[in-house]
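S.K.: Curious how this folds, go ahead:
(one chain, ligands or ions: 2)
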Amino acid sequence: MKYQHIEDSDVVRRGHPIPRVSRISRANFHSEFLTGIGRPVIVTDAMDDWAAKSKWTFEFFSRTYPSAPVIANSPFFLENMSGLSPVKAQLNLRDYVEYVINPGTPPRCHYMQGSWEALQSNGIPLYAPGYRVFSMHPELRSDLSPSPYFADDFLVRLPGYLQQVIEQLPSPIHYLFFAPEGAVAFLHTDFWETHAYLAQLVGRKFCILFSPQDAENLYFGRVLDPVYCDTRQFPMFSDAIPYCGELRAGDLIFIPSGWYHFVVTMSASLTFSYDFFNATNFAPFMSNLFLGLARMVVAPNECRNLTAASQILSAALREAAMVSSVGQSNVRT
Ligand SMILES: O=C(O)CCC(=O)C(=O)O
Ligand SMILES: [Fe+2]
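M.R.: Numbering: from 1, shown residues only. Ligands and ions are numbered 1, 2, ... in the order given. I've put the predicted structure just below:
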């Protein structure tokens, strides 16, 4: 695997370790990790009361939802990455889980783009972006509580219809990643200035993060691979300050809003992830949401999932208008 010795790479050697904490109070989390540009941290007891921590295994998903549909890509979520030929495969969850456990064997799948040979030459395995676990399997919702115990989460304070709109966004906010060894999420920031966490249920991942203050040294996202970065093309990369940490089963990494992250899967892995917002990033999140909905009116063809979101929103607003007019007529009579 290309990143087997990631801990000996230049970028990791010059990196700062990401702190590991447990039993952190909201006040301490806020002052140490959330305020200002924030600071990444690994919380080691965040999932202690989740039933998912022991229940959600490869075996469980494969046995319970064998025919759930999955689309997996190489490279993961980058359509055009120079030097790699895009591969896109459609398979069912049981076959994907089998591949995740044993990525050296060709999966039973339908290639929508590319082939097994192209995949081998990429040297990067198939990786399914964001399996929408709660919309696929609502009965699993009670297996965990996404809101982190150490931080506020405003999603749950919003009216139900807005929560539904947000859960239907093209970029899912709650998602589950099944990843084979060697899977890579290249350097990126998450959408709409959300804070994120990755909660590691099974296997190991290695994470390299950079603060938003290093955006220029990262060429505003043009550096995709901090481990194999061409410093002739990107000389300022050497000035960027990496923060590194390994996620083991039971660990949750907090990635503050706007922080760049690069994640390599070190062994067959299952990760639950949540993109969230609170007082520190509520305004950019909501303005992006409403801009997205407004854009849908102007350019409906560009906004596939937003259409579903807007239908919920307009139905909810219609209902709210009816309730308030009923309320008013009650007052008048
Ligand atoms: O591979 C991972 O766990 C990282 C995924 C990620 O950062 C994302 O989907 O935004
Ligand atoms: Fe991300």
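S.K.: Residue 295: how many residues sit nearby?
M.R.: Burial of residue 295 is recorded as 13 neighbouring residues (other CB atoms under 10 Å). Bear in mind the C-beta positions are built from the backbone N, C-alpha and C, glycine included.
S.K.: ok so it is a helix residue?
M.R.: Yes: the assignment for residue 295 by DSSP: H, G, I helix; E, B strand; the rest coil puts it in a helix.
S.K.: quick one: it from ligand 1, how far?
M.R.: With distances taken as CB to the nearest ligand atom, to the nearest Å, residue 295 is found 22 Å from ligand 1.
S.K.: ok, that residue to residue 248 distance?
M.R.: According to CB to CB, to the nearest Å, residue 295 and residue 248 sit 41 Å apart.
S.K.: so which strand or helix has the most centrally placed residue in the chain?
M.R.: When CA atoms, centre = their mean is applied to the chain, the residue found nearest the centroid is residue 273 (5.2 Å). Following DSSP states H and E, one finds residue 273 within strand 269-276.
S.K.: anything in that strand near ligand 1?
M.R.: Yes: applying CB under 6 Å from any ligand atom, one finds strand 269-276 touching ligand 1 at residue 271.
S.K.: what's the offset of that strand from the middle of its chain?
M.R.: Averaging C-alpha positions (CA atoms, centre = their mean, to the nearest Å) puts strand 269-276 6 Å from its chain's average.
S.K.: again with stretch 113-124
M.R.: For stretch 113-124 - counting by CA atoms, centre = their mean - the centre lies 24 Å from the chain centre.
S.K.: residues of that stretch that come out buried?
M.R.: Going by neighbour count (16 or more other CB atoms under 10 Å), the buried part of stretch 113-124 is 114, 119, 122, 124.
S.K.: Just send these back as TSV, with pLDDT too.
M.R.: TSV is the format used below for the buried residues of stretch 113-124 (pLDDT from 0 to 100):
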residue	pLDDT
114	94
119	93
122	91
124	92
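S.K.: Tell me the bridge partners for the spatially closest residue to residue 115 that is not a sequence neighbour.
M.R.: Spatial nearest neighbour of residue 115, chain neighbours left out: residue 87 (7.1 Å); criterion: CB to CB, 6 or more residues apart in numbering. Going by DSSP bridges, residue 87 is paired in beta bridges with residue 74.
S.K.: Could you do the one 5 residues further on as well?
M.R.: Beta-bridge pairing for residue 92 (DSSP bridges): residue 69.
S.K.: so who does it touch?
M.R.: 66-70 (CB atoms under 8 Å, 6 or more residues apart in numbering).
S.K.: ok, back up a step: pLDDT wise, what is the residue nearest to residue 115 at?
M.R.: Looking at residue 87, its pLDDT is 95.
S.K.: From ligand 1, how far out is it?
M.R.: As defined by CB to the nearest ligand atom, residue 87 lies at a distance of 17 Å from ligand 1.
S.K.: With residue 55 instead?
M.R.: Distance of residue 55 to ligand 1, given as CB to the nearest ligand atom: 20 Å.
S.K.: Which residue, other than its chain neighbours, is closest to that residue?
M.R.: Excluding its sequence neighbours, the residue lying closest to residue 55 (CB to CB, 6+ apart) is residue 143, at 5.9 Å.
S.K.: Residue 249: neighbouring residues, count only.
M.R.: 16.
S.K.: in a helix, that's where it is, yeah?
M.R.: No: counting by three-state DSSP, residue 249 is not part of a helix but coil.
S.K.: residues contacting the nearest residue to residue 25 once chain neighbours are set aside?
M.R.: Spatial nearest neighbour of residue 25, excluding adjacent residues (CB to CB, 6+ apart): residue 150 at 7.4 Å. By CB under 8 Å, 6+ apart, the residues touching residue 150 are 24-26, 29, 43, 46.
S.K.: What about the residues you listed, which one has the most neighbours?
M.R.: With neighbours defined as other CB under 10 Å, the most crowded of the contacts of residue 150 is residue 43; it has 25 neighbours.
S.K.: circling back: the residue nearest to residue 115: how many residues sit nearby?
M.R.: Residue 87 has 24 neighbours, counted by other CB under 10 Å.
S.K.: thinking it is in contact with residue 109, fair?
M.R.: No: using CB atoms under 8 Å, residue 87 is not in contact with residue 109, being 10.0 Å away.
S.K.: could you pull out the strands for the stretch 201-333 of the chain?
M.R.: Along the stretch 201-333 of the chain, the segments classed as strands by DSSP state E, counting those that start in this stretch run 205-210, 243-247, 252-255, 260-265, 269-276.
S.K.: what residue ranges in this protein score low on pLDDT?
M.R.: Within the chain, the stretches with pLDDT under 70 are 77-80, 296-333.
S.K.: and if we set it to 90?
M.R.: 1, 75-84, 129-131, 135, 159-162, 164-172, 191-192, 286-333 (pLDDT under 90).
S.K.: interface residues of it facing ligand 1?
M.R.: Contact residues, the chain versus ligand 1 (CB under 6 Å from any ligand atom): 177, 179, 185, 190, 198, 205, 261, 263, 271.
S.K.: Cool, thanks, talk later.
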